[in-house]
Structures are given as structure tokens and as C-alpha cells.
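[1] Turn this into a model:
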Amino acid sequence: MSREWNRAEISHCWRFFQGVSTMIMLVFGLIVFLGLHSLRIVADDWRKQQIARIGLHRWKGFCSIVALIGIGLIIWGFGLARQHPVLVYAPPLWLRHLNSLFMLVALIFLAAARVPRNHIKARLGHPQVLAVKTWSFGHLLATGMLHDLVLFAPFLVWSVVFFIVSRRRDRRDSTVYPAGTVKGDALAVVMGVAVWTLFAFWLHNLLFGVNPLT
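    Next up, the predicted model:
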């Protein structure tokens, strides 16, 4: 029994090492993407200096290129890591179903960031960051593989910190967002539900090979 247990431990450790080794690209992509989007947290003065030096349009162009590189590395690295799955914990089925609700809320937040004059943005200020927070938290509840933790945990931490810093900046600068309207609220909800339906019943399975409703 002891010998079999030792072999099982060795096998598990080897699979864990393989899983970790395939995540280098994923981790690098997260560093690039989240590092870029953390400049307003850790180096906002430097960011403003660069914008003043090269101009807003060039700065946005540079950030877009870096962000695309980061996203590309994340997608590539996540795909590689999925080929060597390492189970960390097995969430119950009801948490997967709960994640569908989290995704619906996240997509409504995301729509609210784009739709003008809605109460969500007027009240919370940064619904897109809240969308990232809700998305990453829900997926951490519903998934238990190592590569899922490596992907979603950094996004959750970043979104929590970024939201706190952004709201503090709003209070400091006395930022006031346009007042919300019923029309804006309705449009944000309809857009969020429409995108959620598209993902839940088709796109998520097509892109990631996972049906979120089963």
C-alpha cells in the first residue's frame, strides 16, 4: 500500500510540474496585460508625463499594441496549459450554475460601461472593472483547475484594487457621471442579456469547448 501511495504521489507531482511548466506563457501574458492596465494604480504620474510627451493618440496606440500582445499571450498560454490539466479542487455543480448568473451580471455591467446615461454607471462609476471582478470571481467558484486559478485570480485581485483606486480618484477629483435614465438602464440590460444568451447557448462552447449550462 505504501509503495502504491508513493507512486501516486510521484505521478501527481509530475503532472503538477508539467502543468506549471506550460503556464509560463500564460503568466507572462498576464504580466504584460495587467501590468499595462495597472499603470494608473502604481505610476499614474509617469503615465501622464508620457501622454504629455508623445500625445494622447500615440499613447493610446502604444497601449493598444501592448494590450493585444498581452491578450494573445494569455490565449496562447491558456491553450497550452489546458493540455496538461491539474485539478486543485472539484467545485459542486450548483456553483457552475451560479456562475451563469454571475456572467449575466458581468455582461450587464459591461454593457453599462458603453451605454450612455444609465444608473449603473452614474452610481458605480466603473462598471467595466466591476464586470471583470464579477467574471473572474464567478469563474473561480465554478472551475478548479490550476490553469483556471492562474488566469482568474490575478484578474480578480487587479479588478478589486483598480476599482478601489478609481473610486478614490473620483472622490478626490469630484468626478460626477451623467445622471442615469430608464432608457439607458433598459438598453444596458437588454444588451447584457443578449450577449449572455449568445455566449451561454453558442459562443462559450464554440470558443472554449465548455457548455456553461450543463
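[2] can you pull out the strands in this structure?
    For the chain, no strands are identified by DSSP state E.
[3] where in it is pLDDT low?
    The chain contains residues with pLDDT under 70 at 1-21.
[4] The same query, at a cut-off of 50, please.
    Applying pLDDT under 50 to the chain picks out residues 1-3.
[5] Can you show me the helices along it?
    Ranges of helices in the chain, per DSSP state H, are 2-21, 24-36, 39-42, 44-54, 56-82, 93-114, 119-124, 127-142, 146-173, 182-198, 204-208.
[6] Buried deepest among the ones you listed, which one?
    helix 127-142 (a mean of 22; mean count of other C-beta atoms under 10 Å). For every residue, glycine as well, the C-beta is placed using N, CA and C.
[7] quick check: angle from that helix to helix 182-198?
    Following axes from the mean of the first three to the mean of the last three C-alpha atoms, to 10 degrees, one obtains 30 degrees for the angle between helix 127-142 and helix 182-198.
[8] neighbouring contacts of helix 127-142?
    91, 95-96, 98-99, 101-103, 105-107, 109-110, 112-113, 120-121, 124, 148-149, 152-153, 155-156, 158-160, 162-163, 166 (C-beta atoms under 8 Å, 6 or more residues apart in numbering).
[9] and if we set it to 6 Å?
    Residues outside helix 127-142 that contact it (C-beta atoms under 6 Å, 6 or more residues apart in numbering) are 91, 95-96, 99, 102, 105-106, 109-110, 112-113, 120-121, 152, 155-156, 159, 162-163.
[10] ditto for stretch 178-187
    Around stretch 178-187, the neighbours that count as contacts under C-beta under 6 Å, 6+ apart are 115, 117-119, 122.
[11] one step back: dump the helices of the chain into JSON lines; add distance to residue 214 as well.
    Putting those into JSON lines (distance: least, C-beta to C-beta, whole Å) gives the following:
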{"stretch": "helix 2-21", "distance to residue 214": "25"}
{"stretch": "helix 24-36", "distance to residue 214": "26"}
{"stretch": "helix 39-42", "distance to residue 214": "38"}
{"stretch": "helix 44-54", "distance to residue 214": "44"}
{"stretch": "helix 56-82", "distance to residue 214": "18"}
{"stretch": "helix 93-114", "distance to residue 214": "8"}
{"stretch": "helix 119-124", "distance to residue 214": "30"}
{"stretch": "helix 127-142", "distance to residue 214": "12"}
{"stretch": "helix 146-173", "distance to residue 214": "17"}
{"stretch": "helix 182-198", "distance to residue 214": "16"}
{"stretch": "helix 204-208", "distance to residue 214": "9"}
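[12] what's the nearest residue to residue 90 if we skip its chain neighbours?
    residue 144 (5.4 Å; C-beta to C-beta, 6 or more residues apart in numbering).
[13] Could you pull up the contacting residues of that neighbour?
    Residue 144 makes contact with 88-91, according to C-beta under 6 Å, 6+ apart.
[14] change it to 7 Å
    Residue 144 is in contact with 87-91, counting by C-beta atoms under 7 Å, 6 or more residues apart in numbering.
[15] Residue 63 reaches residue 37, doesn't it?
    No: with contact defined as C-beta atoms under 7 Å, residue 63 does not reach residue 37; the gap is 8.7 Å.
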